[in-house]
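# How does the following fold in three dimensions:
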Amino acid sequence: MSYTLGEAAKATGMSKAAISRAIKNHTISAEKQDNGSYKIDPAELHRVYPAIVAQQEEQQVRQRSTSTLDATELNAENRELRAKLEAVTQRLSDKEAVIDDLREDRDRWRTQAEKLLLTDQRAHTIMMPPLEPGTAAPATQAPARRSWWRIRGHE
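Numbers count the residues shown, from 1 in each chain. Here you go, the predicted model:
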């Protein structure tokens, strides 16, 4: 018994165009008839594309196996998942506590740094001699920049 193109498409759940492309790409071998139709061997077709009946049977077997799970197995799995959830929640709260401690430390260090900076600025303003009226502040010279050529030692 051989399939025609339409029968092959129905048997696999594919379109006729897909089966035709597979024949033209030499993925499936088929015999071309005098009238232009194809004669496809079922074994050759199902080598590449599984039969739709087999796919439906597989789905039914999967559904049966999942629906026959025992209630005790589900309860055991639920207990295990709840225990994992509690452990993860505990770890999360521990990490949040550490983050809060680090934020407090950061704020204390920031306050201390601001106080030291303020004290340092006051010391600089006190140590500078007052300017006489009518004189400009002394210009500070930036250090001379060395060219990259001299830095590399090519002078």
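
# those helices in the protein, which residues are they?
Using DSSP state H, the helices of the chain run over 5-12, 16-24, 42-48, 52-67, 71-127, 148-151.

# tell me what the first one is packed against?
Which is helix 5-12. helix 16-24, helix 42-48, helix 52-67 (3 or more CB pairs under 8 Å, 6 or more residues apart in numbering; DSSP states H and E). (C-beta placed from N, C-alpha, C; glycine too.)

# Quick one: mean pLDDT over the second one.
Mean pLDDT, helix 42-48: 89.

# buried stuff in it?
Within helix 42-48, the residues scored as buried using 16 or more other CB atoms under 10 Å are Glu44, Leu45, His46.

# starting at the chain centroid, how far to that helix?
Relative to its parent chain, helix 42-48 has a centroid offset of 39 Å by CA atoms, centre = their mean, to the nearest Å.

# Skip the chain neighbours and tell me the closest residue to Gly13.
Ile52 (4.3 Å; CB to CB, 6 or more residues apart in numbering).

# got a list of what that neighbour touches?
Residues counted as contacts of Ile52 (CB atoms under 8 Å, 6 or more residues apart in numbering) are Lys10, Ala11, Thr12, Gly13.
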